[in-house]
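Novice: Give me a model of this one.
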Amino acid sequence: MLSNNTLSREGCSGDRKDTAVCGGKKLATQGSFHNCSGKTKGKCCPKNSDGSGSIDVNKGGGEKCGYCFSGTCSG
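Specialist: Just a heads-up that it's a prediction; the model follows:
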């Protein structure tokens, strides 16, 4: 049970949203979701270099990853 002053972290949906943000550090500029998760060991693909506009690497597909981040997607 969460206390009143503890916020739950909501993961990202299967759709890329501008309000969703990747945590961790930027690992690479990455086109492919597959390469982000496999070669780079990333967990999140934002469309912007600041980590915004994110989607979980396992929920996306194709060549529209953008950037590869080490942290998870929230928002």
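
Novice: How about the residue nearest to the spatial centre of the chain, nearest residue that isn't a chain neighbour?
Specialist: Nearest to the geometric centre of the chain sits residue 44, at 2.6 Å (C-alpha atoms, centre = their mean). Among residues not flanking residue 44 along the chain, residue 22 sits closest, at 3.7 Å (C-beta to C-beta, 6 or more residues apart in numbering). All C-beta spots, glycine's among them, are computed from the backbone N, C-alpha and C.

Novice: Residue 15 now?
Specialist: residue 55 (7.3 Å).

Novice: Next: residue 17.
Specialist: Counting by C-beta to C-beta, 6+ apart, residue 17 lies nearest to residue 75, which is 6.7 Å off, once chain neighbours are set aside.

Novice: if I pick the one you found, what's in contact with it?
Specialist: Residues near residue 75 by C-beta atoms under 8 Å, 6 or more residues apart in numbering: 10, 12, 17, 19-21, 54.
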